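Colleague: sequence-free structure coming up:
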C-alpha cells in the first residue's frame, strides 16, 4: 500500500491477492432510468454480511464503499462475495485501502467521511439515498421511491431545488430489545426476521405500543433528546407525501438528495456518528430546506454502543468540525477556478476536439489559440464533477497592463451572457479605463461567439478583460441567470483599487473615468471616505420614451449632468431609475437634492431597506454577493444589506451618474409566480443572515488576491 494512507482499490496494481479479482462480476448495473435512485452506504468487511438483509428489501442499485485495512480484509471480502454474488447483481463495490501507522488510531474506526464521499461519487443515478449499513429499508421501498420521483412533481421539484428529504429511522425500544435478545440467547437462533416491521402500518403499531422508538444520536442521548424528525408527527401523518421540519444542530439521517450539486462530506471524520451531522449542517448553510417523507422508513437491525474512548474521539472530531464550519460555508461562494490559464500547458490529445496549433508551449497565445485552449477547458469541465467553474483573464485587450496598474485606478465591474455583450460597446465608448467582464457560459458555441465578438471589436475593447463563468444546468430553475455568481467572478478578478459595480445595460456619463480618477487622486475627502467604508452612489436614470429592450442606442444617454437635468425638467424624456416602480430601490439617493447640489463633491445619505444603487467603492473589504438568487429580483439588494450590516456608510457623488439603455423599468413584466418565488429565496437569505448579524463576520475581498477571510453569517 503506497502513495499515502488512503487509496482507492482500483489504483492498486500488482497485489497478488487481486490478480484474479472478479470485481467486474459485481457491476452488472443496468443503465439508470429517469428518477432512478442509488442507495449508497459504507462498510467495513465485518459489516458486509448486513448487505444480505438490505438487498432483500431494496431491489435497486446500491453503491458500497468498503474499508480495507489488511490483506485478511481482502480475503474475507472475496469469500463473502463468492458465496453471495448471485444476490449482489445490482451492487457495485468500491474500495478504500488504508495503511495504519498507529494502532490506537486503527481502533477508533474507519475513515467514514471518505468512504461516504467515495460511495456518492461512484453512484450513477441522478438521485442517491444516503443509507446506513446497520439499517434495512421498508419492503418495496425502491420501486415506490422511483415512482414517487417520476409521478409526484412536488416531491421531484423539492429534491431538485435544494430540499433534503429524510427517511425516518427507527430502532427497538430498550425494554423490548432486551426481551428480544434474551429470547434469542435462549433459543440460539438470533432475533427472527418476522418480528421486524415490513410496512408503514406495522411500524406505526410498534411505535404506538412503545416497542420501537426513533433512533437517538449519542450526541442527543446525553441530553435525553429524540431525533426531532420523528416523534408523533410521522406516525400520525396520513395525507400527503411529506412534511417540512426546521433545522436543528445535530440533525442526521437517511437523506434522499440529488447526486450532483450537494456539499461533499467533511473528510476529517474517523469512526461513527458525525459525518452525516456535518453533511446536514453544511446543506443548511447552503440554504437547503429539510422535509420528511411520510411513506418510507428504515429500521436498525443491530445495536452496538461504542467504547468510551471512541465516543470521546468522535466528539472531539465534531468539535473540530464546528470550529472549522464557518470556513466551510465559503463553498456557497467559492467556485473551482483555473488560476493558471495563461501558462497552463495543454496537449491536443487531451481536448478531444479538433484544434490547430500547439497549445503545449508556454509561448504567447494568439486569440485563436486562446479560443481553442478555452474549448479544451470547457471539455474538461463537462467531463468533471464540477457544477461550476470560472476561468479568469482569458481575453485581455491590448492596453490592459496588470503589472503597471496606476494608483487609485478605477474599473467597471460588469457581467452578462454573450447575447448581451453588444451593450458592452457602449460602456467601452463612454469609459476609457479598465473594465472587468464576466461572461456567463453554458455551451461551447457561446465561447466561440465570445471570441468572434472580441475579434470584431478588439479596437474598441482595448481596456477590457474577459473572464468566463461555466455552469452546468442540472435543474429547471438553473435556467435562470445566476447574477451574483457572475458578479462575484467579475469583481474577484479585477486588479483595480476601486470599482464601480454595474449592470451591462447601464453606462456612465461622458468622461466619467478621467474625472473620477482625478477626483479620487486629488480630493482627499473623497479618498478618505472611500478608504473608510463609504459607498459613493452614482444616481441612476432611464428614458421615459418607448424603447425596445434590445436597443443599444447610446444616443439615448445624456452625456453630462447639465444635459440630463434638461431632459428631466424640460423635455421630460428622462426620469430617475425604478422610482415609479420601486421607490425604496433608489429613493434614498434624494434626486431633488442632487439636481441642485453645488457644494462639495458629495453629500451623505442614510441607508434604508430596499436601497440598491450603483456605487463607486474600494474593492478591498467588500462583501460577496449572496449566490442563492437566480433570475430577476433581490439579488443586488441583499449585497447592500450586507454592506450596511458591515458598517458601510453611503454618500452621493455630485457630478456623476449612470443611465439605463433599454426599455423603461415600468414596462417590464414577469411571470405571475416570480413575486412569490423571489420572496421565498430572499427569506432563505434573511434566515441565514439572521443567525449572526455581527458585521465583522462576512466574506471579505482582499486586495489583488483571490482569497477571502471571515465567514458567512
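Modeller: Yep, that arrived. Fair warning: this is a prediction, and the values are worked out from it, not measured in the lab. Numbers count the residues shown, from 1 in each chain.

Colleague: low-confidence ranges in the stretch 1-150 of the chain?
Modeller: For the stretch 1-150 of the chain, the stretches with pLDDT under 70 are 1-32, 99-109.

Colleague: which residues in it form strands?
Modeller: Secondary structure of the stretch 1-150 of the chain (DSSP state E, counting those that start in this stretch): strands located at 6-8, 37-44, 62-68, 91-98, 127-130, 135-137.

Colleague: looking at these, which is closest to residue 402?
Modeller: Of all the strands of the stretch 1-150 of the chain, it is strand 6-8 that lies closest to residue 402, at 39.7 Å by C-beta to C-beta. Bear in mind the C-beta positions are built from the backbone N, C-alpha and C, glycine included.

Colleague: can you count the residues close to residue 402?
Modeller: Around residue 402 there are 11 other residues, counting by other C-beta atoms under 10 Å.

Colleague: Please disregard the earlier target; I meant residue 76.
Modeller: Residue 76 sits with 16 neighbouring residues when counted by other C-beta under 10 Å.

Colleague: For the strand or helix carrying residue 201, list every residue counted as buried.
Modeller: In this assignment (DSSP states H and E), residue 201 forms part of helix 200-208. In terms of neighbour count (16 or more other C-beta atoms under 10 Å), helix 200-208 has its buried residues at 200, 202-204, 206-207.

Colleague: Redo those as TSV? Include distance to residue 236.
Modeller: Formatted as TSV, these follow (distance: C-beta to C-beta, whole Å):
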residue	distance to residue 236
200	12
202	16
203	12
204	9
206	15
207	10
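
Colleague: Can you tell me which of those lies closest to residue 413?
Modeller: Using C-beta to C-beta, residue 200 comes nearest to residue 413 of the buried residues of helix 200-208, at 54.7 Å.

Colleague: from what I can see that closest one touches residue 138, true?
Modeller: Yes - Residue 200 is within contact range of residue 138, at 7.0 Å (criterion: C-beta atoms under 8 Å).

Colleague: Find residues that contact each of these two.
Modeller: Counting by C-beta atoms under 8 Å, 6 or more residues apart in numbering, the common neighbours of residue 200 and residue 138 are residue 297.

Colleague: Just confirm residue 49 contacts residue 81, I think it does.
Modeller: No - checked against C-beta under 8 Å, the pair residue 49 and residue 81 is beyond contact range at 11.4 Å.

Colleague: For the stretch 601-713 of the chain, which segments count as helices?
Modeller: 635-645, 674-689 (DSSP state H, counting those that start in this stretch).

Colleague: ok, of those, where does mean pLDDT dip lowest?
Modeller: Lowest mean pLDDT within those: helix 674-689, a mean of 52.

Colleague: would you list the buried residues of helix 200-208 in JSON lines and tack on pLDDT and distance to residue 521?
Modeller: Shown next, in JSON lines, are those (pLDDT from 0 to 100; distance: C-beta to C-beta, whole Å):
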{"residue": "200", "pLDDT": "85", "distance to residue 521": "73"}
{"residue": "202", "pLDDT": "88", "distance to residue 521": "79"}
{"residue": "203", "pLDDT": "88", "distance to residue 521": "73"}
{"residue": "204", "pLDDT": "84", "distance to residue 521": "75"}
{"residue": "206", "pLDDT": "86", "distance to residue 521": "77"}
{"residue": "207", "pLDDT": "84", "distance to residue 521": "73"}
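
Colleague: which ones are touching residue 487?
Modeller: Neighbour list for residue 487: 413, 415, 438, 501, 625 [criterion: C-beta under 8 Å, 6+ apart].

Colleague: got JSON lines for the residues you listed, with secondary structure too?
Modeller: Output for these, formatted as JSON lines (DSSP: H, G, I helix; E, B strand; the rest coil):
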{"residue": "413", "secondary structure": "strand"}
{"residue": "415", "secondary structure": "strand"}
{"residue": "438", "secondary structure": "strand"}
{"residue": "501", "secondary structure": "strand"}
{"residue": "625", "secondary structure": "coil"}
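
Colleague: of the residues you listed, closest to residue 470?
Modeller: Residue 470 has its nearest neighbour among those in residue 438, at 11.0 Å by C-beta to C-beta.

Colleague: neighbours around the closest one, how many?
Modeller: For residue 438, using other C-beta under 10 Å, the count is 26.

Colleague: My guess is residue 111 contacts residue 97. True?
Modeller: No - Residue 111 lies out of contact with residue 97 (C-beta under 8 Å); the separation is 10.7 Å.

Colleague: Flag every buried residue along stretch 525-542.
Modeller: Neighbour count says stretch 525-542 has 526-527, 529-530, 533-542 buried, by 16+ other C-beta under 10 Å.

Colleague: which intervals of the stretch 451-600 of the chain have sub-threshold pLDDT?
Modeller: Applying pLDDT under 70 to the stretch 451-600 of the chain flags residues 475-477, 547-552.

Colleague: got the contact list for the residue lying closest to residue 204 once chain neighbours are set aside?
Modeller: With sequence-adjacent residues excluded and distances taken as C-beta to C-beta, 6 or more residues apart in numbering, residue 204 is closest to residue 235, at 5.2 Å. Residue 235 sits next to 203-204, 207-208 when contact means C-beta under 8 Å, 6+ apart.

Colleague: tell me the mean pLDDT for the helix or strand harbouring residue 281?
Modeller: Here residue 281, judged by DSSP H and E, is contained in helix 274-285. The average pLDDT for helix 274-285 rounds to 80.

Colleague: tell me the angle of it relative to strand 37-44?
Modeller: On the basis of axes from the mean of the first three to the mean of the last three C-alpha atoms, to 10 degrees, helix 274-285 is oriented at 140 degrees to strand 37-44.

Colleague: so what secondary structure elements neighbour helix 274-285?
Modeller: For helix 274-285, the packing partners by 3 or more C-beta pairs under 8 Å, 6 or more residues apart in numbering; DSSP states H and E come out as helix 112-121, strand 254-258, helix 308-328.

Colleague: Which one (most neighbours) among the contacts of residue 487?
Modeller: Neighbour-wise, the contacts of residue 487 (other C-beta under 10 Å) top out at residue 415, 28 neighbours.

Colleague: remind me which residues of the stretch 151-300 of the chain are low pLDDT?
Modeller: Within the stretch 151-300 of the chain, the stretches with pLDDT under 70 are 183-192, 216-232, 249, 271-273, 285-286.

Colleague: Tell me where it has helices.
Modeller: Under DSSP H, counting those that start in this stretch, the stretch 151-300 of the chain gives helices at 153-160, 174-187, 200-208, 218-221, 231-236, 274-285.

Colleague: Give me whichever of those helices is most buried.
Modeller: Counting by mean count of other C-beta atoms under 10 Å, helix 274-285 has the highest mean neighbour count of the helices of the stretch 151-300 of the chain, with a mean of 23.
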